[in-house]
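Colleague: sequence isn't available, so here's the structure alone:
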């Protein structure tokens, strides 16, 4: 029952649309989002090596897509490869081969504040101007030096074009040759508070801001919403309707319910509502523990996808008939479980949550490390789903 | 009043408590009394965190207040050559390959508040550095911290190196990180694992018997 | 993507060297993102028709489209 790529593509897109609309699909969609894990799985190259060689990135990505059939491609190994970070002199990323051992994953140490608390009023007045005119030069070595900065910026832009054009060509290739749509069809940096945390204040910094100047933090989050809407809606002609916008979340879940409700949630909800109204699908990676905030999620309009790292799934199922969720496969299971256990768990999950419509079988983490899963387990699971379960 | 200080700290009244500490120092209060009040306040914060009243931002605020108070007290303590007694000694660090430190730093603040002497090796710490420090200060406890899954292998390697150096037997080793499970604990050979600073500190205290 | 054109245009923008009726109005609003050039009618609705002869108009649309790329890149450094 070998289908051609065109048929496969059509089926898979329909699955992604159905679950987003909470309609039970023909089969539960299955995909993984992998970053460096795909490099370890491929086995031929070091992570640091392929940061500077896009065709090797493509080779690794194709290997994944070819040997582990899925309903979507989780996207390239990273957003910013070495050459662009070098051109700008990025201070924010530590990349393997350059700052770290070439076998490791890239890291985002968040070790410096790029905005002082006194600058909140300026940020609130015009966040985009602040981001471009102050944020970018502060976060990049090469942009501190005049008159080189214009050239550095132009170089960075060219590398950016080069990389994303290349990724674009991979998207087309995977659609045409394997019938697999990309799951990452747009990106939003994070929640509004998450963006301020990541790129301006750092995690400890913003925690103190929340305690010392909560109104300003809230105002900054609210001011950022239009900018993030536009960021997310820059979508190259997406091959599917309701393009999936990849949004990692890593700060809300550390807040008290009071701070979550007053500071984090209003702008978060506004961003989600706007994206959905404009025809997009926020696809959240909700890191850490989200059970205390499930009641909030029930307020969102239909059209969001939530991949949880750790949550009470039964509670989500019960309280949130408005959203599609995933993340029931843990890296713990994929790493330490047997093939049989992985398959039986996956089957049980699909049987339990599949009928609700809004369910995706996927891993609770963006896979970045060899310890995020044993290849033979992942391969066996994909084989089971495609060759046995979907018969 | 010195007694007020611990309450002001656990209520996170930053400006009031710093004002109070300065007043006390000016009026000649023994800095050690203030340190004890500070510790009580931090322990109060730890309790509130355990009970689910306080969350990470509150704990970070508490640690920041504590840091500022210790800055004010440092010259006084040095002048009076006061040595703060300790319950036990902990060597802690984020393992090789991982550069995250927030959980570890909160843990250190609370450990110090609980009366432990803590040696912080920093981040991306190779196993050899752990071995050397353990040889030097002979701690009761070693804490290995990490945020990313890659830390697992580094934790395993560090524990193996401590074993090879003949140091493992006299130590209790605890690993900290959100992704850890009983399976990882077993795999790396640690005595305990934890997802939270307060839970980890309870474990450490139980080992010391305090 | 028009890499050579983009490079030149970026250098121009960075030297703040934009002229013209609508462009002045447009740059006053600063870095406003426009949907892809196919949605020109949205731009026209908001800022009015671009004035000038055929060549000028084509050049302006070109600049605006390259401006999109600049926007995309700049905002993208926050991802």
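Modeller: Cool, got the structure. As the structure is a computational prediction, the values presented were derived from the model and not from experiment.

Colleague: tell me which helix or strand whichever residue of the stretch 201-350 of chain A sits closest to chain B sits in.
Modeller: Of all residues in the stretch 201-350 of chain A, the one sitting closest to chain B is residue A:207 (3.7 Å; C-beta to the nearest C-beta). No exception for glycine: its C-beta is placed from N, CA and C like everyone else's. In this assignment (DSSP states H and E), residue A:207 forms part of helix A:203-212.

Colleague: need the per-residue pLDDT for residue A:160.
Modeller: What the model reports for residue A:160 is a pLDDT of 84.

Colleague: go on, the one 10 residues further on?
Modeller: According to the per-residue confidence, residue A:170 scores 94 in pLDDT.

Colleague: related to what we said a few turns ago, can you pull the contacts of the residue of the stretch 201-350 of chain A closest to chain B?
Modeller: Residue A:207 sits next to A:254, B:56-57, B:60-61 when contact means C-beta atoms under 8 Å, 6 or more residues apart in numbering or on different chains.

Colleague: out of the residues you listed, which are inside helices?
Modeller: Taking DSSP state H, the ones among the contacts of residue A:207 that sit in helices are B:56-57, B:60-61.

Colleague: and the residues you listed, which is closest to residue B:156?
Modeller: The closest of these to residue B:156 turns out to be residue B:56 (C-beta to C-beta; 27.7 Å).

Colleague: which non-adjacent residue is nearest the closest one?
Modeller: Nearest-residue entry for residue B:56: residue A:254, 4.3 Å, with adjacent residues in sequence omitted and distances by C-beta to C-beta, 6 or more residues apart in numbering or on different chains.

Colleague: ok, now which ones touch residue B:177?
Modeller: B:103, B:145-147, B:151, B:193, B:195.

Colleague: check whether the helix-or-strand element of chain A with minimal mean pLDDT contacts chain C.
Modeller: Of the helices and strands making up chain A, the lowest-confidence element is strand A:186-187, at a mean of 78, by mean pLDDT, DSSP states H and E. Yes: against chain C, strand A:186-187 shows contacts by C-beta under 8 Å from any C-beta of the partner chain at residue A:187.

Colleague: what's the local residue count around residue A:128?
Modeller: Residue A:128: 22 surrounding residues under other C-beta atoms under 10 Å in any protein chain shown.

Colleague: mind checking the SS state of it?
Modeller: helix (DSSP: H, G, I helix; E, B strand; the rest coil).

Colleague: can you pull the residues of the stretch 151-300 of chain A lying near chain C?
Modeller: Counting by C-beta under 8 Å from any C-beta, the residues of the stretch 151-300 of chain A near chain C are A:153-154, A:156-158, A:160-162, A:165, A:187, A:189, A:195, A:198-199, A:227, A:230-231, A:233-234.

Colleague: among those, which lie within strands?
Modeller: residue A:187 (DSSP state E).

Colleague: any quick PyMOL command for the buried ones out of the residues of the stretch 151-300 of chain A next to chain C?
Modeller: To isolate the buried members of these in PyMOL, using 16 or more other C-beta atoms under 10 Å in any protein chain shown:
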select buried, chain A and resi 153+154+156+157+158+160+161+162+187+189+195+198+199+227+230+231+233+234
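
Colleague: how much space between residue A:132 and residue B:206?
Modeller: 53 Å (C-beta to C-beta, to the nearest Å).

Colleague: what of residue A:219?
Modeller: Distance from residue A:219 to residue B:206, counting by C-beta to C-beta: 45 Å.

Colleague: ok, these two, which is more surrounded?
Modeller: Per other C-beta under 10 Å, whichever of residue A:219 and residue B:206 has more neighbours is residue A:219, with 18 against 11.

Colleague: what's near enough to touch residue A:378?
Modeller: Counting by C-beta under 8 Å, 6+ apart, residue A:378 touches A:32, A:41, A:68, A:334.

Colleague: max-length strand in chain B?
Modeller: Chain B, longest strand under DSSP E: strand B:88-94.

Colleague: low pLDDT regions in chain C?
Modeller: Scanning chain C with the threshold set as pLDDT under 70 gives C:1-39, C:42, C:46, C:63-71.

Colleague: okay, now the residue of it found nearest chain B: neighbour count?
Modeller: In chain C, the residue that lies nearest chain B is residue C:79 (19.3 Å; C-beta to the nearest C-beta). Residue C:79 has 16 neighbouring residues, counting by other C-beta under 10 Å.
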